[in-house]
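Trainee: sequence and predicted model, in that order:
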Amino acid sequence: MLEVAVIEDAAAAEASLDPVRARLLAELSEPASATMLAARLGLPRQKVNYHLRALERHGLIELVEERRKGNMTERVMRATAASYVISPLALAAVQPDPDRSPDALSARWLLAVAARLVREVGELIGGAAQARRRLATLTIDGHVRFASAAQRAAFTEELAAAVGALVGKYHDESAPGGRDHRLIVAVHPSLDSRASAAPGGKET
């Protein structure tokens, strides 16, 4: 089972968003049969089987084993991943385009860049899995508390300067055999800061 799987197909995304199927995916973090799931969810086994077939058809669950019970065969299923992320590719015609209106201070542009990140990394993971190779990435997830808006602005300037200096030091446009890498640095209020950013609240 994968830790995270990226859903790129629109039909698979639709299947995963159905409330019953989403619950089944959560339950199938551990292998279970339709009979077991029906008892847990309080649903008819036939209805559970219907939803399981849809999930299996889109590769969201997989067969673990088959058990003979009298004259019947019980299929034990498991989710193909512990969690799922829906790629913007699933909404290809309306996916955000970060090249449309670049604005380093726009939250919506940040969202468009994040959507591109999900799409591109999802594709890279798929390619790396097929090639049976490890995908080289780096993620830094931190927390910083600013005393004031002025401190936040100063931090932003210093961060941009530091990143620019590193890029200038290591970027080699003419390197033979070199490979481009995308660099994304984002700063945004954490969710526990929503109260201070709410209308009428005092933002720091």
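Mentor: Looks like it came in fine. The shown structure was predicted, so the numbers you read here are calculated from the model rather than taken from an experiment.
Trainee: could you find the closest non-adjacent residue to residue 88?
Mentor: residue 95 (3.6 Å; Cβ to Cβ, 6 or more residues apart in numbering). For glycine as for every other residue, the C-beta is placed from the backbone atoms N, C-alpha and C.
Trainee: quick one: classify residue 116 as helix, strand or coil.
Mentor: helix (DSSP: H, G, I helix; E, B strand; the rest coil).
Trainee: revised request: answer the last question for residue 180.
Mentor: Residue 180 ends up coil, using three-state DSSP.
Trainee: what about it, neighbour count?
Mentor: Residue 180: 6 surrounding residues under other Cβ atoms under 10 Å.
Trainee: list the contacts of the residue nearest to residue 88.
Mentor: Residue 95 sits next to 88-89, 115, 119 when contact means Cβ atoms under 8 Å, 6 or more residues apart in numbering.
Trainee: okay, now the domains of the chain?
Mentor: 2-84, 94-135, 138-204 (automatic domain parsing).
Trainee: state the number of residues packed around residue 123.
Mentor: Neighbours of residue 123 (other Cβ under 10 Å): 14.
Trainee: what separates it from residue 131, distance-wise?
Mentor: The spacing between residue 123 and residue 131, counted by Cβ to Cβ, to the nearest Å, is 13 Å.
Trainee: and if you look at residue 96?
Mentor: 28 Å.
Trainee: give me the more crowded residue out of the two.
Mentor: residue 96 (17 against 9).
Trainee: so what's the more buried one up against?
Mentor: Applying Cβ under 8 Å, 6+ apart, we find residue 96 in contact with 88, 111-112, 115-116.
Trainee: go ahead and flag the most central residue of the protein.
Mentor: Against the mean C-alpha coordinate of the chain, by Cα atoms, centre = their mean, the closest residue is residue 85 at 3.4 Å.
Trainee: which non-adjacent residue is nearest it?
Mentor: residue 6 (5.2 Å).
Trainee: quick one: contacts for that neighbour?
Mentor: 84-87, 118, 121-122, 125-126.
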